[in-house]
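Novice: Provided below for reference: sequence and predicted model.
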Amino acid sequence: MHYSTVSKLRSQLRSALPKAQGGQPSKLNSTTICHAIWIISTGRADTATQVTKSLQETLPESVSVQTVRRALKKTGLKAVVKAKRPALSQCHCRERLDFAKSHQHWTVEDWKRVIWSDGRKWVWKKKGEGLSDRLVEGTLKFGGGHVMLWGCFGWDGVGYACKIDGNMDANLYVSILEDELQNSLQYWGKTPEEVVFQQDNDPKHTSKKAKTWLADHGFDVMVWPPQSPDLNPIEHLWGHLKRKLAEYQEPPASIQELWTRVQKEWDDIGEQECRNLIESMPRRVEAVLKAKGGHTKY
């Protein structure tokens, strides 16, 4: 009997029967797909290729990466670029968690007192090669160069920034504290006793010379946990600065032009931009508490 005749009789006599799906049966059943999702959610694999390799150890027949990728997409999973984050040891997580616990009751009013500081290197390349803010050491190929910016900001906006010539050492860092930091406080109408100064754990910042200078001038220095850029809102200020520099139609023709742009865009950062970042601090601390010292979305 022909297939079409059987199909017609089936429609007339047993129309309520579910129709069989066409095509080859899937090599991945619901149990296998759930296992694939578990492999990803537990961090045992990051890509469809790695998941496929893991599944092959238990499946009776081979399965392609594309088959696994399609199955994962149907569950709502999608491929994303993995965020670059600093490696966290158990010690790092413990120190981050201790910091979050000691500041979990800080309100925005408390965070308003903090002066955030950091340095960032901006790289100049030849025309057509683009601009980046990679934190690299040494000089670039093709005759390029870089400018190093140190800046600080607080509730009242950005402070004075400076271009760093040569390698930063403890002596140069102290001179920046004497000039740019002190001038920023004077500009805001504040004294060292009224603020809490934040800096990361770079050896130049924690040097005996820098510690002595900060103590002698009455600064309360925040104890900062290692590997914690997600807790420092100035990282987002660098991101804002990077986006503004990317809006220029033509790349800078020289190191001096690059610095002129960096300086202008830094000075143009508004007070509200800084306040929005500081207001995020309670949420950042809460995120570290929930992550038990681990990575956060910030």
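Specialist: Cool, the structure landed.

Novice: Which residue ranges make up each domain of this protein?
Specialist: 27-82, 90-290 (automatic domain parsing).

Novice: got the phi/psi numbers for Glu250?
Specialist: The phi/psi pair for Glu250 (degrees, to the nearest 10) reads phi -110, psi 140.

Novice: gap between it and Arg261?
Specialist: 11 Å (CB to CB, to the nearest Å). (C-beta placed from N, C-alpha, C; glycine too.)

Novice: So if I had to pick from the two, which one is more boxed in?
Specialist: Neighbours of Glu250 and Arg261, each counted by other CB atoms under 10 Å, are more numerous for Arg261; the result is 18 against 7.

Novice: Find the helix or strand that the more buried one is a member of.
Specialist: Using DSSP states H and E, Arg261 sits in helix 255-267.

Novice: helix or strand right after that helix?
Specialist: helix 271-279.

Novice: Can you tell me what sits against that following helix?
Specialist: The contact list for helix 271-279 (CB atoms under 8 Å, 6 or more residues apart in numbering) reads 108, 111-112, 114, 153-158, 233-234, 236-237, 240.

Novice: my read is Lys244 is in a strand, agree?
Specialist: No - going by DSSP: H, G, I helix; E, B strand; the rest coil, the assignment for Lys244 is helix, not a strand.

Novice: nearest residue to it other than its sequence neighbours?
Specialist: Glu265 (4.3 Å; CB to CB, 6 or more residues apart in numbering).

Novice: any idea how far Gly189 lies from Gln56?
Specialist: In terms of CB to CB, Gly189 sits 67 Å off from Gln56.

Novice: quick one, which of these two is more surrounded?
Specialist: Gln56 (12 against 8).

Novice: That one contacts Val65, doesn't it?
Specialist: No - between Gln56 and Val65 there is no contact under CB atoms under 8 Å: 10.4 Å.

Novice: For the protein, just list every one of the helices.
Specialist: Using DSSP state H, the helices found in the chain span residues 3-13, 30-41, 48-55, 65-74, 90-103, 108-111, 170-176, 182-188, 208-216, 234-246, 255-267, 271-279, 281-290.

Novice: CSV for those, including mean pLDDT?
Specialist: Output for the helices of the chain, formatted as CSV (pLDDT from 0 to 100):
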stretch, mean pLDDT
helix 3-13, 66
helix 30-41, 77
helix 48-55, 82
helix 65-74, 82
helix 90-103, 96
helix 108-111, 97
helix 170-176, 95
helix 182-188, 97
helix 208-216, 97
helix 234-246, 91
helix 255-267, 91
helix 271-279, 96
helix 281-290, 96
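
Novice: Now stretch 226-239: buried residues?
Specialist: Buried positions in stretch 226-239, judged by neighbour count with 16 or more other CB atoms under 10 Å: 227-228, 230-238.

Novice: most packed of the domains of the chain?
Specialist: Ranked by average neighbour count under the criterion mean count of other CB atoms under 10 Å, those are headed by domain 90-290 at a mean of 16.

Novice: mind checking how far it is from the chain centre?
Specialist: Remark: domain 90-290 is offset 15 Å from the chain centroid, using CA atoms, centre = their mean, to the nearest Å.

Novice: same deal with stretch 274-293?
Specialist: Relative to its parent chain, stretch 274-293 has a centroid offset of 13 Å by CA atoms, centre = their mean.

Novice: Now it - C-alpha only, CSV.
Specialist: The C-alpha coordinates for stretch 274-293 follow below in CSV (Å, rounded to 0.1, in the frame of the first residue of the first chain):
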residue,chain,number,x,y,z
CYS,A,274,31.0,60.7,39.5
ARG,A,275,28.1,60.7,41.9
ASN,A,276,26.3,57.9,40.0
LEU,A,277,29.4,55.8,40.4
ILE,A,278,29.8,56.5,44.1
GLU,A,279,26.1,55.7,44.7
SER,A,280,26.8,52.3,43.3
MET,A,281,29.1,51.4,46.1
PRO,A,282,26.6,49.8,48.5
ARG,A,283,25.5,47.6,45.6
ARG,A,284,29.1,46.6,44.8
VAL,A,285,29.7,45.6,48.4
GLU,A,286,26.5,43.6,48.5
ALA,A,287,27.5,41.8,45.3
VAL,A,288,30.8,40.8,46.9
LEU,A,289,29.0,39.5,50.0
LYS,A,290,26.6,37.4,47.8
ALA,A,291,29.6,36.1,45.9
LYS,A,292,31.4,35.2,49.2
GLY,A,293,34.3,37.2,48.0
